[in-house]
Structures are given as structure tokens and as C-alpha cells.
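*Asks:* Generate a structure from the sequence data that follows.
(one chain, ligands or ions: 2)
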Amino acid sequence: MKELEIIIRPEKLEDVKKVLDEANCGGMTVATIMGCGAQKGIVDEDVVRVIKGYKTTINLLPKIKIEAVVPDESVEDIILKIQEKCSSDHVGDGKIFIHNIEEAIRIRTGERGDKAL
Ligand SMILES: Nc1ncnc2c1ncn2[C@@H]1O[C@H](COP(=O)(O)OP(=O)(O)OP(=O)(O)O)[C@@H](O)[C@H]1O
Ligand SMILES: [Mg+2]
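*Replies:* Ligands and ions are numbered 1, 2, ... in the order given. Next comes the predicted model:
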């Protein structure tokens, strides 16, 4: 099992929910977060080029984080579909971090592993 930690632009939430639903994802946890990546939260790409290398303060931008634990075999398909839906020509499209999940347990039934997802 893998946990996909998917950080996206807020307006892409519905698209990613649909991708996960179509992949028969058992569940997801969603949070609104603040974050920044390589551009330290600066949105104007011309400005980024000008100030690169100079000291700037970090600006945090609103993003959505989705956590979904899925079977190993679903991972690559989900990544491809998220890329299809969420990649643009602009910085800030987001990232997917992948974590190994050791075990999952459905509390109600005691099922474990993929059966618990
Ligand atoms: N190294 C990181 N560690 C933790 N969170 C990160 C990291 N990089 C990006 N994020 C999260 O992902 C969000 C989107 O990052 P973003 O897409 O801007 O990454 P980037 O590396 O700057 O790529 P790009 O150049 O395409 O913008 C950030 O706001 C932050 O929440
Ligand atoms: Mg960025």
C-alpha cells in the first residue's frame, strides 16, 4: 500500500476527486493548507526570474492537500491521470509525495491490508 500525498491548486480538487473515485479509491482525507515550492510563493513568473538569487521573504499560497492510501498497483495510473488533469504551463501546479504504508486496519471489522482500504 502507498499513501499518495497530493498537493494541488484549490480549483483542481473536483478533478482529482473524480480521478480517485474512478480508481475505486477507498477513501481520502482532504485539507486546505498553505504552502510554497521552488518560487517561495511568488506567483508572477517574470518577477521570479528577476529576483532569483536575491534574498526574499517566503510567501505562502493556499493549496489543497489530499491524502489517499491505495493498493500499490493503482499508483502509477492515478499519477498519470492527475498529471493529465492538473498540469499547466505555469509554476505551482503542485506535487505528489508517495509514502510506504506498513499496515491499514478497518476498526469496525478488523480487516487489514488492501481489504481495509
Ligand atoms: N519540497 C517540498 N516539501 C513540502 N511541500 C512541498 C515541497 N514542494 C512543494 N510543496 C508543496 O506543494 C505546493 C506546490 O508546489 P509547487 O507546485 O509550486 O512546486 P515547485 O517545486 O515550485 O514546482 P513548480 O516549479 O512547477 O512550481 C507548495 O505550495 C507546497 O505546499
Ligand atoms: Mg512552485
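
*Asks:* Could you check stretch 76-89 against ligand 2 for contacts?
*Replies:* No. Stretch 76-89 lies out of reach of ligand 2 by C-beta under 5 Å from the ion, never closer than 11.7 Å. The way it works is simple: take the backbone N, C-alpha and C, and place the C-beta from them, glycine included.

*Asks:* can you pull the buried residues of that stretch?
*Replies:* 78, 81-82, 86 (16 or more other C-beta atoms under 10 Å).

*Asks:* could these be laid out in JSON lines, adding secondary structure and pLDDT?
*Replies:* Output for the buried residues of stretch 76-89, formatted as JSON lines (DSSP: H, G, I helix; E, B strand; the rest coil; pLDDT from 0 to 100):
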{"residue": "78", "secondary structure": "helix", "pLDDT": "98"}
{"residue": "81", "secondary structure": "helix", "pLDDT": "98"}
{"residue": "82", "secondary structure": "helix", "pLDDT": "98"}
{"residue": "86", "secondary structure": "helix", "pLDDT": "98"}
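
*Asks:* just curious, which of those is nearest to ligand 2?
*Replies:* Looking at these and their distance to ligand 2, the nearest is residue 86, at 13.0 Å (C-beta to the ion).

*Asks:* In this structure that closest one contacts residue 9, no?
*Replies:* Yes. Counting by C-beta atoms under 8 Å, residue 86 touches residue 9, with 7.2 Å between them.

*Asks:* joint contacts of those two?
*Replies:* 93-94 (C-beta atoms under 8 Å, 6 or more residues apart in numbering).

*Asks:* Could you identify the helix or strand that succeeds the helix-or-strand element of the chain with minimal mean pLDDT?
*Replies:* Lowest on mean pLDDT, DSSP states H and E among the helices and strands of the chain sits helix 45-51, with a mean of 64. Sequence order places strand 61-70 as the next helix or strand after helix 45-51, per DSSP states H and E.
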